[in-house]
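**Q** Predicted model, plus sequence, below.
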Amino acid sequence: MTEDTSTTDSVLGSDWEWAHADDWQPPKELDTGVPHTARMYDFYLGGKDNFEADRKAAEAAIAAYPALPLLARTNREFLGRAVEFAAARGIRQFLDIGTGIPAVGSTNEVARRVAPDARVVYVDNDPIVASHARALLAGHLAGHTSVIEADLRDPEGILDHPGLRAAIDLGEPVALMLVAVLHFIRAEDGAERIVRTLRDALAPGSALILSHGSPDFASRESAAEGARIYRSASAPLVLRPRAAVEPFFGDFEFAGPGLVQLPLWRPAAGHVPTAELPEGWQDVSAYAGVAFKP
């Protein structure tokens, strides 16, 4: 029997490069009645900074892809290990774009544990998320951590933002963090140009810390249903295969083990006490990597 792929191909694309919605447009006014990707992620992590619309969408996404909470947790663990790794390499500045709602193990907490003089700038385009971040980080902000409201789709606006310029010296190494955010940027929105613009602004010795959702470890049905659910959220879901994720790193040089399935990035370091991986890790459909600018 020939499998009917008409529905999934219309969402995923026959080459698996996307799970997109051609008719999707960013909401003109932010509304707590519209599911937001950051607040859905907060729900996956077991947080409480979410609304009914976020919870309903997140529960539907989990029903389609039960590994989502595990993906969120392993992504958070990757963030911690990667920040520790970059700080151990001497980086003292962290630019975390698409930060979402801060939770235990956020960038500033991990970086300052390794290097008390580390400076962190969080960037998010949702004023609701930004206000949450400022409130939750109030005790950490002075002199070390700041939150600016800007959009990843406008990288020049981020780089020229007075808040960033006041906190980060782009003439010195920076860890650029694009953790679980690029899969909300469509190719037609200039995903590759966005990352290239940010990479080019960094000094030698800087790092790119990146994770990205992929269809490579999920069924076509799960990926398609997840994409459909996110069509009603604040951003579409763009799942990319490994061959489409790797170019985001440009000519940066990968640290070992390279670009790998998310739970496999240095699992024995930092937040994971042994080399044993969590049950079901094979179903975590995302890639992660850290690379440095020569």
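**A** The structure has been received and is ready for your questions. Since the model is a prediction, treat every value here as computed from it, not as a measurement. Residues are numbered from 1 along each chain as shown.
**Q** what's the burial count for residue 221?
**A** For residue 221, the tally of surrounding residues (other Cβ atoms under 10 Å) stands at 13. Just so you know, the C-beta spots here come from the backbone N, C-alpha and C atoms, and that holds for glycine as well.
**Q** If you could redo that for residue 263, that was the one I meant.
**A** Residues lying near residue 263 (other Cβ under 10 Å) number 23.
**Q** Quick check: it is in a helix.
**A** Yes: counting by DSSP: H, G, I helix; E, B strand; the rest coil, residue 263 is part of a helix.
**Q** wouldn't it be in contact with residue 74 here?
**A** Yes: if you go by Cβ atoms under 8 Å, residue 263 and residue 74 touch, sitting 4.8 Å apart.
**Q** shared neighbours of the two, which are they?
**A** Common contacts of residue 263 and residue 74 (Cβ atoms under 8 Å, 6 or more residues apart in numbering): 278, 281, 284.
**Q** Highest neighbour count among these?
**A** By neighbour count, taken as other Cβ under 10 Å, the most surrounded of the shared contacts of residue 263 and residue 74 turns out to be residue 284 (26 neighbours).
**Q** Against residue 177, how distant is it?
**A** 19 Å (Cβ to Cβ, to the nearest Å).
**Q** same question, residue 148
**A** For residue 148 relative to residue 177 (Cβ to Cβ), the value is 14 Å.
**Q** more crowded one of those two?
**A** Comparing residue 148 with residue 177 by neighbour count (other Cβ under 10 Å), the higher total belongs to residue 177, at 28 against 20.
**Q** So what sits opposite the more buried one in the bridge?
**A** On the basis of DSSP bridges, residue 177 is bridged to residue 96, residue 209.
**Q** pLDDT at it, what is it?
**A** With respect to pLDDT, residue 177 scores 98.
**Q** Would you agree it is in contact with residue 91?
**A** No: in this structure residue 177 lies outside contact range of residue 91 using Cβ under 8 Å: 10.9 Å.
**Q** Who are the contact partners of the most centrally placed residue in the chain?
**A** Residue closest to the average C-alpha location in the chain (Cα atoms, centre = their mean): residue 180, at 1.9 Å. Residue 180 makes contact with 41, 75, 98, 211-213, 286, according to Cβ under 8 Å, 6+ apart.
**Q** how far is the helix or strand containing residue 148 from where the chain is centred?
**A** Per DSSP states H and E: residue 148 is located in strand 145-149. Relative to the chain's own centre, strand 145-149 is displaced by 17 Å; criterion: Cα atoms, centre = their mean, to the nearest Å.
**Q** try stretch 198-207
**A** Distance, centroid of stretch 198-207 to centroid of chain: 18 Å (Cα atoms, centre = their mean).
**Q** do stretch 240-251 as well
**A** Worked out by Cα atoms, centre = their mean, stretch 240-251 lies 14 Å from the chain centre.
**Q** Name the surrounding residues that touch it.
**A** Under Cβ under 8 Å, 6+ apart, the answer for stretch 240-251 is 16-18, 178, 182-183, 191-192, 195-196, 199, 208, 210, 212-216, 259, 287, 289, 291, 294.
**Q** Which ones among these map onto strands?
**A** 178, 208, 210, 212-213, 287, 289, 291 (DSSP state E).
**Q** so who does residue 135 touch?
**A** Contact analysis of residue 135 by Cβ under 8 Å, 6+ apart lists nothing.
**Q** where does it sit relative to residue 114, distance-wise?
**A** Residue 135 is 25 Å from residue 114, by Cβ to Cβ.
**Q** and if you look at residue 61?
**A** Residue 61 is 33 Å from residue 114, by Cβ to Cβ.
**Q** Between those two, tell me which one has more neighbours.
**A** Neighbour count, other Cβ under 10 Å: between residue 61 and residue 114, residue 61 has more, with 24 against 16.
**Q** First-to-last residue distance for stretch 106-122?
**A** 10 Å (Cα to Cα, to the nearest Å).
**Q** What residues of it count as buried?
**A** 106-112, 114-115, 118-122 (16 or more other Cβ atoms under 10 Å).
**Q** what residues are up against the closest residue in space to residue 111 that isn't next to it in sequence?
**A** Once flanking residues are discounted, residue 111 sits nearest to residue 118: 3.9 Å by Cβ to Cβ, 6 or more residues apart in numbering. The contact partners of residue 118, by Cβ under 8 Å, 6+ apart, come to 87, 92-94, 108, 111-112, 144.
**Q** Adding distance to residue 233 and secondary structure as columns, could you present these in CSV?
**A** Converted to CSV, these look like this (distance: Cβ to Cβ, whole Å; DSSP: H, G, I helix; E, B strand; the rest coil):
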residue, distance to residue 233, secondary structure
87, 33, helix
92, 35, coil
93, 31, strand
94, 27, strand
108, 26, helix
111, 29, helix
112, 32, helix
144, 32, coil
